[in-house]
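Chemist: Here is my input; please provide its structure:
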Amino acid sequence: MQKLTTYLWLAPIFVLIQILLFNNIQFFRYINPLVYLILIITLPQDTEKWFIILYAFFIGILLDLFEGNMGLNSSSLVFIAFVIPYLHKFLIPRNSIDGKDKLNLQVLGLKIFSIYALSVIFLHHTFLFALENFSINGIIFLLFKVLLSSIITFIIIIIFQLFTFKVKE
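Modeler: Reported below is the predicted structural model:
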């Protein structure tokens, strides 16, 4: 429960970082890094589903309030909250980690963390940007935006993970 309390305090901080910094960085109309996903990606594997859904909704509603686009972030994050337990089953090897551990780079290793994080990021970005554009006319634009934003978001999340990497003694 202590780790989940930390996540509750981190949510407003990451929302502010997203709103004040990363929402103002938009390269070539395609790249929009969404770093708040790190909070959902790194939740411990044994986190209750109801907590993941409420937590994702909480982050999404905060983002929607500040950005003025009601429902886009909250619906995409709730979608990810529903999908994440299935991604855990398919992408994280059984008995490879303790269920109480945060799913971070140090615990999962680079290969598994990369596959897992990219899957979550790509699904989230596809859902979010498809809702945002909601048109079949700009499918090429949508694909570029999803792909490039996913890559940049992943790189930023890896950088965050490297800054919080703890050396085992």
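
Chemist: Tell me which stretches of the protein form helices.
Modeler: Shown for the chain, the helices assigned by DSSP state H span residues 2-20, 37-41, 49-67, 72-91, 105-108, 110-133, 139-163.

Chemist: what packs against the shortest one?
Modeler: What it means is helix 105-108. Applying 3 or more Cβ pairs under 8 Å, 6 or more residues apart in numbering; DSSP states H and E, one finds that helix 105-108 makes contact with helix 139-163. Any C-beta I mention is one placed from the backbone N, CA and C, and that applies to glycine too.

Chemist: Show me what counts as buried in the helix it packs on.
Modeler: Residues of helix 139-163 classed as buried: 142, 144-146, 148-154, 156-158, 160-161 (neighbour count, 16 or more other Cβ atoms under 10 Å).

Chemist: Tabulate the helices of the chain (a markdown table), appending mean pLDDT.
Modeler: Shown next, in a markdown table, are the helices of the chain (pLDDT from 0 to 100):
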| stretch | mean pLDDT |
| --- | --- |
| helix 2-20 | 85 |
| helix 37-41 | 92 |
| helix 49-67 | 93 |
| helix 72-91 | 93 |
| helix 105-108 | 83 |
| helix 110-133 | 92 |
| helix 139-163 | 90 |
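
Chemist: okay, these, which one's buried deepest?
Modeler: Compared across the helices of the chain, helix 37-41 shows the largest average neighbour count, a mean of 23 (mean count of other Cβ atoms under 10 Å).

Chemist: Next, the contact list for the most centrally placed residue in the chain, please.
Modeler: The centroid of the chain falls nearest to Leu37 when counting by Cα atoms, centre = their mean (1.9 Å). Shown in contact with Leu37 (Cβ atoms under 8 Å, 6 or more residues apart in numbering): Ile80, Val120, Ile121, His124, Thr153, Ile157.

Chemist: any idea how far Phe127 is from it?
Modeler: In this view, Leu37 and Phe127 are 12 Å apart by Cβ to Cβ, to the nearest Å.

Chemist: what do these two both touch?
Modeler: With contacts defined as Cβ under 8 Å, 6+ apart, the residues shared by Leu37 and Phe127 are Ile80.

Chemist: Quick check: which of the helices of the chain is nearest to Tyr30?
Modeler: Evaluated with Cβ to Cβ, those place helix 139-163 nearest to Tyr30, the distance being 4.6 Å.
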